[in-house]
Every structure is written in C-alpha cells, then in structure tokens.
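> Fold the following for me, if possible:
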Amino acid sequence: MARPRQPLRVRPGGRALAPSSAASARRPGAEASSEEFTVWTAEDVAIEKTQLVCVDSTVGSTPTRLYGLVSEVFRRSRRSDMLEEADRFDGRPTEPLPPVESRGVTYARVRVLGTEPQLYAPPREEAVALAAGESEARAAYRIREMQQPMSVGLIRNGAVATAGPASVDLDYLLGANGGHMNVTGIAGVGTKSSFLTVSLAQLIRICHEREASAPTDAARLRVIPVIFNVKGFDLFWIDHFSTAFSPEDRAMWRAMGVDDPRPFEADFFAPQQPGSEELSVPVGRPGVRPYSWSLRDVLVSGLFGFLFSDAEREDDNFALLLADLERLLVRERRTGDGRPTREIHPDAPARTFTALFDWFAEGLAGTGDAAFMRLEHGHHHPGTLRRFYRRLRRIVYESAGIFRLDDGGSHPLDITTSPLGRVRVVDIHSLPDRHLQRFVVAALMRQAVDDQTGPQARAGLHYVFCLDELNRFAPRGASDPITQLIETIAAELRSRGVILFGAQQQATLVSTRVVENAAIRLLGRTDGHELRADVHAWLPDSLRAYAERLEPADKILHAPTFREAMHVRVPRPPWAMRRAEALPDPPASLTDVAGPARPGPRRVSERRWEDQPR
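This is a model prediction of the structure:
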C-alpha cells in the first residue's frame, strides 16, 4: 500500500547531542551527521517509526537527494518540565483544559539509507523532507542497481503502509558476489521456516521463468532444493493449499509481482521402518518414500566417518582405528576424467553391517582371521577395538531403520538425480538420536559437494539446502566432520553452487563461520540478550528494542548492498505450513478475483512527491 507524500522540515542544526541519549528526547536540537539527521513535522502530519523519508538538499554546491529511515519519533512540549505542566492543571489531571494550550513539536531521528549522488554528508538546514514511496525505496536500497533482484516480501513504510517489493540480489545469494541466507528468530513468532520457504519458492519461480525464456541454455540458473523437516511433520504439507490464505495475502503476493502463488511440487522422504523393505515410518500422509543405507552405501558414499561423534573422533586412537578400518573395507580409484570413485575392496573382510559385527566378535574372541590380527597388532589397543565395536553396534541397532543390517532393502537418498525445481522434503525429526539427524544432513550435503567440486560440475546448477535449528548441526565451538562440512560449504562452496538457507533461534549458538558467511541475514522477533551479541553488530542500537517486538510477518533484512537494514513484511504462503490447514484444492482466495489490499489509516497529507517543489 502506497503512502501519501508528507512535507516535513529538516532540523539538523542546534545543540550537539548523542542521538541515543535520553537528552535527545527532551531537546529537539540534535545535530545532523552523515549517518543521522532530525526532521520536525506540522501538527496535521503523521510520521512513524520505520517510515521512509527523502530530502532534497545541497551538499557544498552539489544538489543531493538523501533517503532515510525514521528510527524514532519524539514529542516535546513547549513547557520546560513536567512540574510546569502539572501546575497548569492545578495538580489535578481531570481538570478541564486551560484556556492557553501547551503546544509542542513532533520530531524524528532519521538514519540515512543512501544518497544520490553518493556522498557522505548531512542535509542542510531548512530543507524539506517528504514521505517516500516505492520509487524512492528502490533508490534508497539500491534495488534498481541489482543485476538479479528477487522479491522476498514488501518494504515496510511505517506501521501499515508498504513501499513496493523488498528484493535481494541473487548475485549475493547464489555465490557470484556472496552466498547463503541466515534467519534468526524466537520459536513460534519468528516464522523462520515460512520465510525460508517463501524465498525458496521465489527462487524456483525465477528458474522456471528462465527455462521458459531460454530452454536450450545449458548454463541457465537451475536449482535442486532440499528441505530438512526438523520439527513435527509440518513441512510435509507444502504441496497442499492453506486454509489460512486470504485475499489480503494474495494482494501482497501480487504486490511482490506474483499473480498466481501456488504450493510446491514436492517429493517426501522419511526413515525406513525397521523390518520393512518398502515402508517409511508413519508421518500422517500417503506417498512418502523410505530412506536407508547399507554398509556398502555408507562406504561407497564416503560417509563412514560421519557415523561417529565429535568426542569419539577427538580420541586419536579411535580416529586412527577408524582410518585403518576404512582402508581395509574401501578402495579408491580415479576414472579417466580424474574423478575419484570408491568401491568395496575385493579383499574386504565384510560387506554388510552383520558381517562386520561377526568379524569383530570373532576377532575380539581370539578366533579372528589374519586381517583382524593385522588390525589388532597394528598398534590398536583391545580396549579401543571393543569401544569401536560397541559404539557401531549401538548406532546401527538404534538407528530406527535407516541402517540396514544386510545389503537388500536399502534406499539410499540420492539428490543428484532429483528433478530440477522439485523440492525434496526429508524428515529427520522422527530419528531418535540427534547424531543420526546430523548424519542424514551430512550425507546429502556431501553428495552436493562431491557433485559440484569435480570435473562433472554443472554450470548454473545450485543445490539449495533449507535447514532450521542450525545450532544442532553446526554448533559453535565444535570440530567434528559434520560441522566442518557445513563450515566448508558456508565459507568456500558458494561459488560452486552449494547454498545454505539456514535458521536458528539463537545465532550465538551456531558456528561463527556459518553465520558470518551468510551474505543475506534476517531477524525475526529476537530476545534482547541475543541481540546484544556481536554476531548482530550490523543492527543499529536504535532498532534493537524494536526487533524484540516484531510481528510474525515482519523481518529486518541485512544485505551487503544496503547501507542500513531493510524492514520487510513477508506474505503468508499459499501452501500449508501444518496439517490442520492443509487443503487439496485451492481456497476461495485463489479462485476468486482478489480485491485490493486492505487500506491502512488515512494520512493527513495527500500531496504527492511530483507536486512538491524540487
């Protein structure tokens, strides 16, 4: 919804005060800088926190337009203090108004978003500030300069109004200049998963548009999206419509440039049931495919080391045993194009988990073959061998079916053959052990890394992983292989097309390398203790208290191309985010003609920017 243009008056001169001090709320004479300035308004003009404004001024002899975001609004009475105000009413607040009005002035502190031309200088005194609209917002956030803009919501322009699509640059999302997206927000009202799915849907839409315009371009943008279901089974309904989707929601999507928002095309996977060769664990819907790995699958895919925890691998004796055992079981070769391949060693003492357990049991009982004797006498203490055997048995037998004792009946996940643009939703919530969840995440990410780092890498292809609760999988301070894999993706593989859309309640609990390497970062509602951490240093102090009160649909967006963070209103998705709202057919809001967005409060001034003197 557009906002009427409102004439305001710049007041950058006066007494020098720190804008964040209490004194600035008492004295309207705050100095201007290249980062902030002050405006005051007429009594019949509304100005709001998070509203966008623009100013035509002169810097030196250069005509300049400044764009700003209102960080706080103040009101000051002309009375010198509260005691004087109380005396006017004879100390009785219910007394009728005195014949002489107190009067006062409304003024606001404005943070500079950008200037045209690019200058780092404040506006002059007495310049006129006007409420900004969509064209000014595009200039302020340099959206017009983005080579590949992708809308993820609408730019907030005060409490209700918006100022056009809020866009991020795909060059900073998909690896050309930066990569990855990270969202922080408290549970329930942070709506992290909703935002990630909206962003993913927009990315898929762009891929479809480019395929339609250039179907023969082998290097065009393509994505293989993978969503990990980490809580409940809510994400198992994103191929259904949502009963909560309203005409107002559809109007927001249209304002973003999407006339026909639809649910995802998706395939769903869940752990294989123990004792079954074709059934997944129950998730509450049909059509879910099982996944599992045999020992052969684990070894050939290079996943053996991911079976064990950080604490175990930090033991040098345990790590050495793991390496020696893997050399006994696996042989690596290189194909004609230099691509490494792995296969079970012809002389391997075991090819299944059952055979491996039997081999260990016989060896520990003193009746093992020559291979086990070499392993036992290769500086491996019997206690280390027994610990390895016990740990591996526990992992496999408590794996809820995803590790198959024998070769038959396994269904290893292979995302490299996924249809382009079709989402794969992989449940890990139903796995009983957190380390098993981490194994599945690492297994799929390893496939993407191997596929995109060898000579077979495909130009234009991007694997996009959506992963909530990121602190489980790459915790701060950890050094296990799974954490290292995710850190490598975040720090080094964006240019190879492996992209992470991550989310967490507290960024302070996630590996610093993972969070800091996300070029696009967002905040939903977040508690104050978290916001005071260094990882959120990009957020101005004036907006930290505001971030603690964000509505579920609102986000604060930080990107390398923005001078200051953007305030974004994210639309409700048309797909179901939980089973209770899932519909197989479109709701009325998608089949009827949607009306205009519901208007907000009427602003006093209806003058437009084009009507104002330049």
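> Show me where the stretch 501-614 of the chain has its strands.
Counting by DSSP state E, counting those that start in this stretch, the stretch 501-614 of the chain has strands at residues 520-523, 554-558, 566-569, 582-583.
> For Gly114, find the nearest of the ones you listed.
Proximity to Gly114, assessed across those by C-beta to C-beta, is greatest for strand 566-569 (11.4 Å). (Each C-beta comes from the backbone N, C-alpha and C, glycine too.)
> returning to that earlier point: nearest to Thr162, out of the strands of the stretch 501-614 of the chain?
Among the strands of the stretch 501-614 of the chain, the nearest to Thr162 by C-beta to C-beta is strand 566-569 (6.1 Å).
> Give me the sheet partners of the closest one and which way each runs.
strand 149-156 (antiparallel), strand 554-558 (antiparallel) (DSSP bridges).
> okay, those in JSON lines with distance to Val535 and mean neighbour count next?
Formatted as JSON lines, these follow (distance: least, C-beta to C-beta, whole Å; neighbours: other C-beta atoms under 10 Å):
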{"stretch": "strand 149-156", "distance to Val535": "21", "mean neighbour count": "25"}
{"stretch": "strand 554-558", "distance to Val535": "11", "mean neighbour count": "24"}
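> Select, out of the ones you listed, the one closest to Trp293.
Nearest of the strands paired with strand 566-569 (C-beta to C-beta): strand 149-156, 35.5 Å.
> show me where pLDDT drops low in the stretch 501-614 of the chain?
Along the stretch 501-614 of the chain, the parts satisfying pLDDT under 70 run over 591-614.
> coming back round to it: got CSV for the strands paired with strand 566-569, with distance to Phe245 too?
Shown next, in CSV, are those (distance: least, C-beta to C-beta, whole Å):
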stretch, distance to Phe245
strand 149-156, 16
strand 554-558, 18
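> hey, which strand is longest across this protein?
Longest strand in the chain, counting residues (DSSP state E): strand 62-77.
> and the angle from that one to strand 149-156?
With axes from the mean of the first three to the mean of the last three C-alpha atoms, to 10 degrees defining the directions, strand 62-77 sits at 30 degrees from strand 149-156.
> Make residue 1 into 3 and carry on from there
Sure, I'll start numbering at 3, so the last one becomes strand 64-79.
> Relative to Leu309, how far out is Gly423?
According to C-beta to C-beta, to the nearest Å, Gly423 stands 32 Å off from Leu309.
> and those two? which has more neighbours close in?
Neighbour count, other C-beta atoms under 10 Å: between Gly423 and Leu309, Leu309 has more, with 21 against 17.
> how close does that one get to Trp540?
Using C-beta to C-beta, Leu309 is found at 38 Å from Trp540.
> and if you look at Leu533?
11 Å.
> Give me the more crowded residue out of these two.
Per other C-beta under 10 Å, whichever of Leu533 and Trp540 has more neighbours is Leu533, with 19 against 13.
> which residues of the stretch 253-402 of the chain fall in helices?
Counting by DSSP state H, counting those that start in this stretch, the stretch 253-402 of the chain has helices at residues 297-302, 312-315, 318-331, 355-366, 372-378, 384-399.
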